[in-house]
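[1] Below are the sequence and a predicted model for it; my questions follow.
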Amino acid sequence: MRLTPQQLADFDDKGYIFLPSCFSEEEVALMRDEGEAILKSTRQEVWREKTGAPRTAFAAHTFNEVFRLLGSHPRLVKPLQQYFGEDVYVHQFKLNAKAAFEGDVWQWHQDYGTWQRDDGMLAPRAMNIAVFLDEVMPINGPLMLIPKSHKQGVFNAGHDLATTSYPLWTLDQETVTRLAAEAEPPGGGPGIVAPVGKPGSVLMFHGNLVHASAPNITPYPRKIVYLTLCACSNHITKFTRAEWIAHRDFAPIVPVDDGALAEYARARKVAAE
Ligand code: SIN
Ligand code: MN
């Protein structure tokens, strides 16, 4: 899969692109089942909200075959190889649960702010690719983005160790207010967007794009996988976080076949019959 000139132009202008229906229902059902099992497990890679509900499962591509295939999937890897003009490796792999009723807030932040400060990543030549495993709706804590906020570099941030169970470099209200005002469309309306869509949709966003999500107080979970791919020449230089949070294997990803997830789903169905 290659990004079109229009998609590349949109990405440079707004800082994100949304690709509905990137994965089929069959592929998503497989990933959702595996994801739910992982989130129930007691592995050290599964972090919990203060309530005990699952928040994030890290590094599932290293211990689960289905997510290994997703982490090397050409529909995710090839557009980033194209964008960065070189091979990419997996910097981080997160399955965020945003559990029904208990999924907590993600405060306003930039991902590259963390990768630079905590991991010594030299440039914002890394990007998150969100893969929706549940339907993301306006009501269940969708990811909110401030369009164009990727154009102003890394903002000052405070290290919030208290609000949630996950430490995060978060932006102050003045900065978020200014950026949202700057992003308001000429015809009126808010300067914040929240892409919503069916399971299988994909959202790619720039490492410096400011984003957040509200708590989920609905009965509808909002599981999203975030695959963070980094240009190989831009690998991290500081190792302050666990290996399973910020990876140290900088080997270029070799993409799997486009049909690998669907084939796995069919093979599993046959085996169960
Ligand atoms: C993140 O910003 O890393 C996660 C936000 C979310 O899942 O809502
Ligand atoms: Mn983030």
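    Right, received. Where do you want to start? Ligands and ions are numbered 1, 2, ... in the order given.
[2] residues in the stretch 1-150 of the chain within reach of ligand 1, list them.
    Contact residues, the stretch 1-150 of the chain versus ligand 1 (Cβ under 6 Å from any ligand atom): 96, 98, 106, 143. The way it works is simple: take the backbone N, C-alpha and C, and place the C-beta from them, glycine included.
[3] Who are the contact partners of the nearest residue to residue 153 once chain neighbours are set aside?
    Of all residues not flanking residue 153 in the chain, residue 208 sits nearest, at 6.7 Å (Cβ to Cβ, 6 or more residues apart in numbering). For residue 208, the contacting residues are 15, 110-113, 124, 149-154, taking Cβ atoms under 8 Å, 6 or more residues apart in numbering as the criterion.
[4] Can you flag the buried ones in the residues you listed?
    15, 110-113, 124, 149-150, 154 (16 or more other Cβ atoms under 10 Å).
[5] Among those residues, find me the one that's closest to residue 247.
    residue 111 (14.6 Å; Cβ to Cβ).
[6] how many other residues sit next to the residue nearest to that closest one when sequence neighbours are not counted?
    In this structure, residue 111 finds its nearest non-sequential neighbour in residue 207, 5.2 Å apart by Cβ to Cβ, 6+ apart. By other Cβ atoms under 10 Å, the residues close to residue 207 number 24.
[7] Give the phi and psi angles for residue 207, as a check.
    Backbone torsions for residue 207, taken as degrees, to the nearest 10, come to phi -60, psi -20.
[8] which residue is nearest the centroid of this structure?
    Nearest to the geometric centre of the chain sits residue 226, at 2.6 Å (Cα atoms, centre = their mean).
[9] Please put the alpha-carbon coordinates of the strand or helix carrying that one into PDB.
    Assessed by DSSP states H and E, residue 226 sits inside strand 224-231. The C-alpha trace of strand 224-231 is given here as PDB (Å, rounded to 0.1, in the frame of the first residue of the first chain):
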ATOM      1  CA  ILE A 224      -6.900   0.700  19.800                       C
ATOM      2  CA  VAL A 225      -3.500  -0.700  19.000                       C
ATOM      3  CA  TYR A 226      -0.800   1.900  18.600                       C
ATOM      4  CA  LEU A 227       2.200   0.700  16.500                       C
ATOM      5  CA  THR A 228       5.000   3.200  16.800                       C
ATOM      6  CA  LEU A 229       7.500   2.900  13.900                       C
ATOM      7  CA  CYS A 230      10.800   4.800  13.800                       C
ATOM      8  CA  ALA A 231      13.100   5.400  10.900                       C
END
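[10] and that strand with ligand 1, contact?
    Yes: interface with ligand 1: strand 224-231 contributes 224, 226 (Cβ under 6 Å from any ligand atom).
[11] The chain: strands as residue ranges?
    16-19, 46-48, 54-58, 88-96, 106-109, 126-132, 144-145, 158-160, 168-170, 202-206, 211-213, 224-231 (DSSP state E).
[12] May I see the ones you listed arranged in TSV, with distance to residue 79 and mean pLDDT as well?
    TSV is the format used below for the strands of the chain (distance: least, Cβ to Cβ, whole Å; pLDDT from 0 to 100):
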stretch	distance to residue 79	mean pLDDT
strand 16-19	9	97
strand 46-48	29	96
strand 54-58	23	97
strand 88-96	10	98
strand 106-109	24	96
strand 126-132	8	97
strand 144-145	18	98
strand 158-160	32	85
strand 168-170	27	89
strand 202-206	7	98
strand 211-213	19	98
strand 224-231	10	98
